[in-house]
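>>> Predicted model, plus sequence, below.
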Amino acid sequence: MNKNERLIQQMIYINTKKHFNLSDLIETFNISRSTALRDIASLEQLGVPLYSEKGSHGGYRVLTNSLLPPIYFNTNELHSIFFSLQLLKGLVKTPFQQNYQEIKTKLLATLPDKHKQQMAQAEQWIQWIGVEQQQEVPWIVELFAAIVGRQVIEIQYNRYQQDKRIIQPLRLSIWDGYWYCLSWDRNKNEFRNFRCDYIEELHITDQQGTEWTAEQIHTLANQQFDIQRPLSFQVKVDLKGIEHFYKKRYSNMSLQQVDTGNDSENKEHYIVGTFGEHEISFLVEYFLGFGQHIEIVSPPLLRTEYQQYVKKILAQYE
């Protein structure tokens, strides 16, 4: 670890400790006493608000109610930050009310000219290409605020039909360019995923929200969804199909490997999972994307629906 990186780590360390001795720096960072003393002097020059205390319980303290001094990033860390920001490029709107260009401009303004040029070049050298956000989401900021504040809201939802719902938003996620909000639906007393761009109106109620932990939400929601998916499927898949599976898979499905002989190459792979009858159309269209690289083994209901769907497509070309 070079000196600059060590000083950054020491800034974080002492800001957490608030009180420390010289021996703490020596042991934590495996440096000599003289190096520790020089580091203390360097930290003070950088503006770290330290003062020394004498006596048997002496040492160094960080002034209370003071801000952590600026953090300095090395080139690789800066590349990582700007690459991560590229994920925002494809989002029309985020819960944080900031877009990619605004954040990028603010970060670049803090960098020396040399680093600005490096970051501009880095964007041309490595890029993230994904699915862009498909629809404007007018209420995404309010949904995020409701999650943080554990608020209960009333929404007008218009997906299959227009409907008013009382919900407590719990978690936001983005999938295939669309924002989804996992919520507790107070009308139906169950967890539901709402596609955010179908929310036409949103009003905060005076009802008290439930204070679930993230672990409780995960466990309870999965238990409910498992009950709602009593049917199981098994789909044989080849190596090309496995690649497609890892590009796009869902929480209710997984990949299994089955040995068919002593030869290590004699292995078959299956996509297995569970579903409810209302999800048959979705599964048929999902597996259609695998082309000739799958074979639906079970259940017969899913296999029949898949065959009929393919026949309808072929009929369009007759």
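Yep, that arrived.
>>> how's this structure carved up into domains?
Per the record, the chain has its domains at 3-62, 75-125, 140-227, 231-315, by automatic domain parsing.
>>> looking at the ones you listed, which has the lowest confidence?
Mean pLDDT is lowest for domain 75-125 among those, at a mean of 75.
>>> other SSEs contacting the helix or strand hosting M119?
Assessed by DSSP states H and E, M119 sits inside helix 113-125. Here helix 113-125 touches helix 75-85, going by 3 or more CB pairs under 8 Å, 6 or more residues apart in numbering; DSSP states H and E. In this view, the C-beta of every residue, glycine as well, is placed from N, C-alpha and C.
>>> May I see the buried residues of the helix it packs on?
Within helix 75-85, the residues scored as buried using 16 or more other CB atoms under 10 Å are 78-79, 82-83, 85.
>>> and the angle for the helix or strand I12 falls within with helix 75-85?
For I12, the element it lies in under DSSP H and E is helix 3-17. Here helix 3-17 runs at an angle of 70 degrees relative to helix 75-85 (axes from the mean of the first three to the mean of the last three CA atoms, to 10 degrees).
>>> what pairs with the next helix or strand after helix 3-17, and is each one parallel or antiparallel?
Elements were assigned by DSSP H and E; along the chain past helix 3-17, the next helix or strand is strand 19-20. Using DSSP bridges, strand 19-20 pairs in its sheet with strand 59-62 (antiparallel).
>>> Check what contacts the partner strand and list those residues.
Identification of contacts with strand 59-62 by CB atoms under 8 Å, 6 or more residues apart in numbering yields 14-15, 17-22, 24, 40, 48-53.
>>> for stretch 17-25, same thing?
For stretch 17-25, the external contacting residues (CB under 8 Å, 6+ apart) are 10, 13-14, 31, 33, 36-37, 39-40, 58-62, 64.
>>> got the buried residues for it?
For stretch 17-25, by 16+ other CB under 10 Å, it's 17, 20, 22, 24-25.
>>> same thing with stretch 159-168?
For stretch 159-168, a neighbour-count test (16+ other CB under 10 Å) marks 165-168 as buried.
>>> surely M119 meets L111?
Yes: in this structure M119 lies within contact range of L111 using CB atoms under 8 Å: 7.0 Å.
>>> returning to what we had before: residues making contact with the helix holding M119?
Residues outside helix 113-125 that contact it (CB under 8 Å, 6+ apart) are 75, 78-79, 82-83, 86, 108, 111.
>>> Between these, which sits nearest T274?
Q86 (35.5 Å; CB to CB).
>>> In space, what's closest to the closest one - neighbours in sequence excluded?
W128 (4.5 Å; CB to CB, 6 or more residues apart in numbering).
>>> That neighbour belongs to a strand, doesn't it?
No: applying DSSP: H, G, I helix; E, B strand; the rest coil, one finds W128 to be coil, outside a strand.
>>> ok, it to Y100 distance?
11 Å (CB to CB, to the nearest Å).
>>> same check, this time on G149
In terms of CB to CB, G149 sits 26 Å off from Y100.
>>> Where does P169 fall, secondary structure wise?
strand 162-175.
>>> Check I103 too.
helix 100-109.
>>> what does that helix contact?
By CB under 8 Å, 6+ apart, helix 100-109 touches 81-82, 85-86, 88-89, 91, 116, 119.
>>> Now for those residues: which two are most distant?
By the measure CB to CB, L91 and K116 form the most distant pair in the contacts of helix 100-109, at 24.0 Å.
>>> neighbour count winner among those two?
Taking other CB atoms under 10 Å, L91 and K116 do not tie; L91 has more neighbours (17 against 14).
>>> Which secondary structure state is assigned to that one?
coil.
>>> all numbers from here: first residue = 578
Noted, 578 is the first residue going forward, which turns the last one into L668.
>>> For it, which non-adjacent residue is spatially closest?
Q710 (4.8 Å).
>>> Likewise for V714?
Nearest residue to V714 in three dimensions, chain neighbours excluded: C773, at 4.6 Å (CB to CB, 6+ apart).
>>> One more: R763?
With sequence-adjacent residues excluded and distances taken as CB to CB, 6+ apart, R763 is closest to I743, at 4.2 Å.
>>> Now do the helices for the stretch 678-827 of the chain: every range, in order, please.
In the stretch 678-827 of the chain, the helices defined using DSSP state H, counting those that start in this stretch lie at 690-702, 717-725, 791-804, 816-824.
>>> could I get the third one in CSV with only the CA atoms?
These are the backbone C-alpha positions of helix 791-804, laid out as CSV (Å, rounded to 0.1, in the frame of the first residue of the first chain):
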residue,chain,number,x,y,z
ALA,A,791,-35.5,-6.4,4.6
GLU,A,792,-35.1,-10.1,5.6
GLN,A,793,-38.7,-10.3,6.7
ILE,A,794,-40.0,-8.9,3.4
HIS,A,795,-37.8,-11.3,1.5
THR,A,796,-38.9,-14.3,3.5
LEU,A,797,-42.6,-13.5,3.7
ALA,A,798,-42.9,-12.5,0.0
ASN,A,799,-41.1,-15.7,-1.1
GLN,A,800,-43.4,-17.9,1.1
GLN,A,801,-46.5,-16.3,-0.4
PHE,A,802,-45.2,-16.6,-4.0
ASP,A,803,-44.3,-20.2,-3.4
ILE,A,804,-47.8,-21.0,-2.3
